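Enquirer: Pasting the sequence and the predicted model now:
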Amino acid sequence: MTATILDGKATAAEIKDELRVRVKALSERGITPGLGTVLVGADPGSQAYVNGKHRDCAEVGIASIRRELPADASQTQVDEVLAELNADPACHGYLVQLPLPGHLDTQRALETIDPDKDADGLHPVNLGRLVLGYDGPLPCTPRGIVELLRRHDVALRGAKVAVVGRGNTVGRPLGLLLTRRTENATVTLCHTGTLDLAAHTRAADIVIVAAGVPGLLTADMITPGATVVDVGITRVIGADGKGRYTGDVDPEVTEVAGALVPMPGGVGPMTRAMLLTNVVERAERG
Ligand SMILES: Nc1nc2c(c(=O)[nH]1)N[C@@H](CN(C=O)c1ccc(C(=O)N[C@@H](CCC(=O)O)C(=O)O)cc1)CN2
């Protein structure tokens, strides 16, 4: 068996087409959605991700609001930029690009974001809303995974899902999303303390790996025909001495899985599309 590839890049492009229509409808009401980004320092990876987000904005007609601070910026300078974006009516949602330089307090920065302008959906208030089943911006990666599976007719209702990784950005909120009444999956949340990980992944119809451990999920750890989602993205140095990104799923899984969300080209583009969706939804709410 060779797994069907669930193409996140193509699906994200479809979503961007749909967003373009919604942004046009907003512009007819005199509203231009705006996404803000706060980048502290000059890390080339972070710069590239922020540039990508603003390219995405330009593609769908969302206005870009860029704030950049030097690597030695103080917490007060960061607070001032966040306060300015919280107060700016042209900014419907924004994010602080992570990681922040080590001398800054990430938790304080994230908690300073107005929860209703939290484009990443990672503010504690919004994670709390997710726990309680209230409306609010959803975390982009978990939302992107659920949306990708839905658009590719992968049934969640009644499915046994093993999520590997309990991080606050993916694993933990994903477990909450998948167990909502609208999804109704049965989730086993696995982590570094899980005994016999393979027993859990083998019992699952869908395995979602967000552990940040290259090649963690091997072919013998899944049931034939299972759907596998690779969320891992770890920078490694290859035998040629060049850096590259690798996922959490061993390439041989393709021979056993029924469907695979690959890395690259799977969850990453969907995460970016969900960021835009959170901003457009916020602008639509007024
Ligand atoms: N405030 C945030 N900071 C960070 C986030 C985030 O969601 N919010 N995530 C990462 C970086 N990131 C976005 O910021 C990001 C990482 C990877 C991708 C992506 O599309 N990856 C490609 C593969 C790698 C590549 O080609 O560069 C893929 O999966 O196809 C998008 C966004 C940390 N910081």
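Expert: Perfect, I can see it now. Numbering: from 1, shown residues only.
Enquirer: near the ligand at all, stretch 124-137?
Expert: No: Stretch 124-137 lies apart from the ligand when judged by C-beta under 6 Å from any ligand atom; the minimum separation is 12.4 Å. Heads up, the C-betas are built off the backbone N, CA and C, glycines and all.
Enquirer: Please enumerate residues in contact with that stretch?
Expert: Under the criterion C-beta atoms under 8 Å, 6 or more residues apart in numbering, residues 93, 110-111, 115-116, 118-121, 138-139, 168, 173, 176-177, 180, 278, 281-282 lie in contact with stretch 124-137.
Enquirer: Buried among the residues you listed? Make that a ChimeraX selection.
Expert: Of the contacts of stretch 124-137, the buried ones can be selected in ChimeraX as follows, counting by 16 or more other C-beta atoms under 10 Å:
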select :93,110,115,118,119,120,121,138,139,173,176,177,278,281,282
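Enquirer: What are the buried residues along the helix or strand hosting Glu59?
Expert: Counting by DSSP states H and E, the element that carries Glu59 is helix 44-60. Across helix 44-60, burial judged by 16+ other C-beta under 10 Å covers Ser46, Tyr49, Val50, Lys53, His54, Asp56, Cys57, Val60.
Enquirer: same check, this time on stretch 12-23
Expert: Ala12, Ile15, Lys16, Leu19, Arg20, Arg22, Val23.
Enquirer: what is the rounded mean pLDDT of it?
Expert: The pLDDT scores in stretch 12-23 average 98.
Enquirer: And stretch 150-162, by the same measure?
Expert: Across stretch 150-162, pLDDT averages out at 98.
Enquirer: now for that stretch, what's the gap between its first and last residues?
Expert: Counting by C-alpha to C-alpha, to the nearest Å, you get 17 Å between the two ends of stretch 150-162.
Enquirer: again, but for stretch 67-78
Expert: Note: stretch 67-78 ends 10 Å apart using C-alpha to C-alpha.
Enquirer: can you check stretch 116-129 too?
Expert: Stretch 116-129 end-to-end distance (C-alpha to C-alpha) = 11 Å.
Enquirer: mind listing the strands for the stretch 151-286 of the chain?
Expert: 160-164, 186-190, 206-209, 227-230, 234-237, 243-246, 259-261 (DSSP state E, counting those that start in this stretch).
Enquirer: And the ones you listed: which comes nearest the ligand?
Expert: Among those, the nearest to the ligand by C-beta to the nearest ligand atom is strand 243-246 (4.7 Å).
Enquirer: chain center to the closest one: distance?
Expert: Averaging C-alpha positions (C-alpha atoms, centre = their mean, to the nearest Å) puts strand 243-246 19 Å from its chain's average.
Enquirer: Give me the contacts around it.
Expert: For strand 243-246, contacts defined as C-beta under 8 Å, 6+ apart pick out Pro214, Gly215, Gly232, Ile233, Thr234, Arg235, Val236, Ile237, Gly238, Met263, Pro264.
Enquirer: out of the residues you listed, which is most surrounded?
Expert: Counting neighbours by other C-beta atoms under 10 Å, Gly232 leads the contacts of strand 243-246 with 23 neighbours.
Enquirer: Without its sequence neighbours, what residue ends up closest to it?
Expert: Asp248 (2.9 Å; C-beta to C-beta, 6 or more residues apart in numbering).
Enquirer: count of residues packed around the one you found?
Expert: As a burial measure, Asp248 scores 25 neighbours (other C-beta under 10 Å).
Enquirer: ok, it touching Met221?
Expert: No: in this structure, Asp248 is not within contact of Met221 by C-beta atoms under 8 Å, at 11.2 Å.
Enquirer: which residues touch Pro214?
Expert: Counting by C-beta under 8 Å, 6+ apart, Pro214 touches Gly232, Thr234, Val236, Thr246, Gly247, Asp248.
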